[in-house]
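Enquirer: 3D model of this:
(chains A, B, C and D)
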Number of protein chains: 2
Amino acid sequence: MKKITIGEASRQSGVKVPTIRYYEGIGLLSAPSRSEGNQRSYEPADISRLVFIRHARELGFEVDAIRTLLVLQDDPNQSCASADAIAKARLIDVEQRIRSLMALKVELEAMVAGCGHGRVDQCRVIEVLADHGQCAHNHH
Amino acid sequence: MKKITIGEASRQSGVKVPTIRYYEGIGLLSAPSRSEGNQRSYEPADISRLVFIRHARELGFEVDAIRTLLVLQDDPNQSCASADAIAKARLIDVEQRIRSLMALKVELEAMVAGCGHGRVDQCRVIEVLADHGQCAHNHH
DNA sequence: CTACATCCTCTAGCGACTAGAGGTGCAAGG
DNA sequence: CCTTGCACCTCTAGTCGCTAGAGGATGTAG
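Expert: Got it, this is the predicted structure:
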């Protein structure tokens, strides 16, 4: 079994070196064995775990949610109700964010379109920001 | 001219009290005059500025960008090219985020739909996360 | 005059990293 | 064998945009 250095693990998983050490620190990744010179030595399973974590992070899952998902992954006999719940919650969140961003896009487009590249006092960018009543973006 | 307390300013602007003090600390908002008892006393113009800041933050502008926008707002004779550039950059960013989130939504929907509420080893949520090759979500 | 809300300053914490200092390990070339 | 130079180690502190809490002063209503 060839030893995988942290740099190699980083290249293979797409997770940056300091981030791997950080994940170890917060207990997302168990501490690997060390070489004689105290250097971390990973195994293929660790790479899979890192890929799993990276992918979950890219999907916007929080570290705490990933912790739960990892526990589920380690025990395949469990019910996947928790995993399902986490994914569903995340889906609702994503849908909400898409809605906000779409509304926001409309506003930004109006701002940019309304800017005649003249002076600031004719610029809709500033105007829209200053006058909240003009836009559809309401709160509480 | 009646004095506006920080609490009143907060209510009128929709910016929380500690956040107002924070904005003063980082120089987004100039320090207001104080009452005899050392309490901040705001004027209507400060409320407008706070509303401007809040709205810009809601649109996702970073504090540094807002700083620039505020400078522009204070000098209406300037060209609005900078404001336009900031808004355009923000628009591109928002469009990019919408695209990622849409891709993500598709993946999450597949995960949730594929989960038969059985055991973890049949669960697509875990599976999709573990096997990056299965999804359309590619990076660098 | 007393109760109580609101204000003050200050420091520390959040999430999820990222950057840098200061030192050690290791593989390859001369 | 020795040096070069990169990759590794630990540790602390910084990032962003706040938020929370301690511990104390002020302002207002009854």
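Enquirer: can you get me a residue count around the residue of chain A found nearest DNA strand D?
Expert: As assessed by CB to the nearest atom of the strand, DNA strand D sits closest to A:G7 within chain A, at 2.3 Å. From N, CA and C alone the C-beta is placed, and that goes for glycine too. By the criterion of other CB atoms under 10 Å in any protein chain shown, A:G7 has 12 neighbours.
Enquirer: for A:R67, same thing?
Expert: A:R67 sits with 15 neighbouring residues when counted by other CB under 10 Å.
Enquirer: and the one helix or strand it maps to, C-alpha only, in CSV?
Expert: Following DSSP states H and E, the helix or strand that holds A:R67 is helix A:63-74. Output in CSV follows, covering the C-alpha atoms of helix A:63-74 (Å, rounded to 0.1, in the frame of the first residue of the first chain):
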residue,chain,number,x,y,z
VAL,A,63,-20.5,21.2,8.1
ASP,A,64,-22.9,20.0,10.7
ALA,A,65,-25.2,18.5,8.1
ILE,A,66,-22.2,16.8,6.5
ARG,A,67,-21.2,15.3,9.9
THR,A,68,-24.7,13.7,10.0
LEU,A,69,-24.4,12.5,6.5
LEU,A,70,-21.0,11.0,7.1
VAL,A,71,-22.4,9.0,10.1
LEU,A,72,-25.2,7.7,7.9
GLN,A,73,-22.7,6.8,5.2
ASP,A,74,-20.7,4.8,7.7
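Enquirer: isn't A:Q78 right up against A:D84?
Expert: No. A:Q78 is beyond contact range of A:D84, at 11.6 Å (criterion: CB atoms under 8 Å).
Enquirer: out of the two, which sits in the busier spot?
Expert: Between A:Q78 and A:D84, A:D84 has the larger neighbour count (other CB under 10 Å), namely 21 against 16.
Enquirer: which one is that one nearest to, not counting chain neighbours?
Expert: Spatial nearest neighbour of A:D84, excluding adjacent residues (CB to CB, 6 or more residues apart in numbering or on different chains): B:C115 at 4.6 Å.
Enquirer: give the contact list for that neighbour.
Expert: Shown in contact with B:C115 (CB atoms under 8 Å, 6 or more residues apart in numbering or on different chains): A:80, A:83-84, A:87, B:123-125.
Enquirer: for A:T19, same thing?
Expert: By CB under 8 Å, 6+ apart, no residues touch A:T19.
Enquirer: just confirm yes or no for the helix or strand it falls within near DNA strand D.
Expert: For A:T19, the host element (DSSP H and E) is helix A:17-25. Yes. Residues of helix A:17-25 contacting DNA strand D under CB under 7 Å from any atom of the strand: A:17-18, A:21.
Enquirer: the helix or strand following that helix near DNA strand C at all?
Expert: Counting by DSSP H and E, the element after helix A:17-25 in chain order, helix or strand, is strand A:33-34. No. Judged by CB under 7 Å from any atom of the strand, strand A:33-34 and DNA strand C are separated, with a smallest distance of 8.9 Å.
Enquirer: what lies in contact with the helix or strand just after strand A:33-34?
Expert: Once the chain leaves strand A:33-34, the next helix or strand it forms, by DSSP H and E, is strand A:40-41. Residues outside strand A:40-41 that contact it (CB under 8 Å, 6+ apart): A:3-6, A:9, A:31-35.
Enquirer: residues from chain A in reach of DNA strand D?
Expert: Within chain A, the residues that sit near DNA strand D (CB under 7 Å from any atom of the strand) are A:5-8, A:10, A:17-18, A:21, A:38-40.
Enquirer: save those as TSV, and put in pLDDT too.
Expert: As requested, those are exported to TSV (pLDDT from 0 to 100):
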residue	pLDDT
A:T5	96
A:I6	97
A:G7	97
A:E8	97
A:S10	97
A:V17	97
A:P18	96
A:R21	97
A:N38	95
A:Q39	96
A:R40	97
